[in-house]
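K.L.:
dropping the sequence and predicted coords here.
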Amino acid sequence: MRPRVDRAPNIVAGGPLVTLAPSAFRRPAATYRERAIFRMLSHIDRQILRSWREYLIEPALAKLTGRVLRRTGPRIAVLGNCQAYGIAYALKLLDPTATVDHFSAIGRNYSDIGLLARTLATYDHVFAHEFPPGHVRNGGSDVLAELLPKAVFFPAITFAAFHPDLIYLLDATRGNAQLTRPVGPYHSALAVFAHRRGLSVEDSRGLFATNVFDALGYCDMWNDSVRELLDFCGRYGFDLSGDIMNWSRRGVFMYSTVHPKAFVLCDLAKRLAERVGLPLRNLDFDLYSIHDLARSEIFPVYPGIAERYGAKGSYLFKLQNHHLSAGTGDFMTLPQYLEACWRVYDQSRPEQMSHPRIERWLADDKVSAWLVAAARENRSKGLQPVL
């Protein structure tokens, strides 16, 4: 006999059909106000509230109700920038019984450094990126280190060899705030130079050619990038020389100069686990990996540069999209990207588009003249990439 289907919404939860009355979906106004206030809190503010609930309230309720807590392993906190989630996720895979919480030290927070330190003190292990004052009230990571000696600070992975043209523009008229758009905070040094030098969008496409990359040293940054990463990680007591060799065997391992792929963060998480004596689970990480940073902007690896490393490149720029379930997101070809750049740069003053590399090129008459000539010559030869 076919079961009767009510008009009210139904939920199937591994058992009989549960019918919810429409009134169950009508929430009092106070609840909406509370949710609005909650949404105003930063990620760290919300995580602090969630952490205390996990630490104090849930165990107490479990004792009263007899419920068995599923997470019985160590409590681990990971505090940091956009790479911190990937580290936290990998640590959870290494020990599924652990409680692993991610605290995002991006943007401003209502909580102060003292409350954050007291919250993190409830964890068995705390891993943190360094962060400057301003993200959390009354101090940065240096103050946190004093308040929480057990915190293990670890490096953020940066690597420029795949994306030597990627720069950040700091707006001197707004306290060095980043100039964003059209692809988040990522800008092409060649595009900015071309605009400031007065080249057209069509001429500027001629700069994105291998002969220009070679002349600027864009294809010869591998050794310097490896050395810089090893030196930086060495300050924290981590030797990633073997890891970098393994990463390079997998091809391009960065989405941008500051966004590594998931397997890179997994390897760094293993080093953190080793540092504090956590067990290392032998599993296929790729089977469970979440490419969280792929939802953000992706800067392409130009073909002339990718070929130098035995990889396949493109000129396809990916825009940020953190809600993949609502849509597939947008991409830009090189012509589209440059046209979008010109719309942004046309509304900006030179001091809002300043970068040391750009200033050097503009100040050197020979370099500046050569780049302009190369752009126009490449255009006349049809060396204008589309993708």
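P.N.:
Arrived safely, thanks for sending. Numbering: from 1, shown residues only.
K.L.:
CA only for contacts and neighbour counts going forward, please
P.N.:
OK.
K.L.:
OK, contacts around the closest residue to Asp45 other than its chain neighbours?
P.N.:
Sequence neighbours aside, Ser111 is the residue nearest to Asp45 in space, at 6.0 Å (criterion: Cα to Cα, 6 or more residues apart in numbering). Applying Cα atoms under 8 Å, 6 or more residues apart in numbering to Ser111 gives the contacts 44-45, 136-137.
K.L.:
restricted to helices, list the residues you listed.
P.N.:
In this view, the contacts of Ser111 that belong to helices under DSSP state H are 44-45.
K.L.:
give the contact list for Tyr302.
P.N.:
By Cα under 8 Å, 6+ apart, the contact list for Tyr302 reads 163, 313-315.
K.L.:
now it. Its backbone dihedrals?
P.N.:
As for Tyr302, its main-chain torsions (degrees, to the nearest 10) stand at phi -60, psi 140.
K.L.:
tell me how far it lies from Asp365.
P.N.:
Distance, Tyr302 to Asp365, using Cα to Cα, to the nearest Å: 26 Å.
K.L.:
what's the answer for Gln352, then?
P.N.:
Gln352 is 22 Å from Asp365, by Cα to Cα.
K.L.:
more crowded one of the two?
P.N.:
Taking other Cα atoms under 10 Å, Gln352 and Asp365 do not tie; Gln352 has more neighbours (19 against 11).
K.L.:
could you check the pLDDT of the more buried one?
P.N.:
Listed pLDDT for Gln352 reads 87.
K.L.:
surely it is in contact with Thr173?
P.N.:
Yes: when contacts are counted by Cα atoms under 8 Å, Gln352 is listed as touching Thr173 (6.5 Å).
K.L.:
my read is Ser256 is in a helix, agree?
P.N.:
No: counting by DSSP: H, G, I helix; E, B strand; the rest coil, Ser256 is not part of a helix but coil.
K.L.:
which ones are touching it?
P.N.:
159-160, 162-163, 166, 298-300.
K.L.:
give me the phi and psi for it.
P.N.:
The phi/psi pair for Ser256 (degrees, to the nearest 10) reads phi -160, psi -170.
K.L.:
with Gly80 instead?
P.N.:
Residue torsions, per degrees, to the nearest 10, at Gly80 are phi 170, psi -160.
K.L.:
so what sits opposite it in the bridge?
P.N.:
Taking DSSP bridges, one obtains Ser104 as the residues bridged to Gly80.
K.L.:
tell me the most packed of the contacts of Ser256, by neighbour count.
P.N.:
Within these, most neighbours by other Cα under 10 Å means Phe162, with 28 neighbours.
K.L.:
chain neighbours aside, what residue packs nearest to it?
P.N.:
Spatial nearest neighbour of Phe162, excluding adjacent residues (Cα to Cα, 6+ apart): Val301 at 5.8 Å.
K.L.:
okay, now the unreliable bits of the protein?
P.N.:
Along the chain, the model assigns pLDDT under 70 to residues 1-40, 68-71, 107-109, 386-387.
K.L.:
packing partners for the helix or strand harbouring Val212?
P.N.:
Per DSSP states H and E, Val212 falls inside helix 210-216. On a contact count with 3 or more Cα pairs under 8 Å, 6 or more residues apart in numbering; DSSP states H and E, helix 210-216 meets helix 303-306.
K.L.:
what is the helix or strand following the helix it packs on packed up against?
P.N.:
Following helix 303-306 in sequence order, the next helix or strand is strand 317-318 (DSSP H and E). Packed against strand 317-318 by the contact rule (3+ Cα pairs under 8 Å, 6+ apart) you find strand 331-332.
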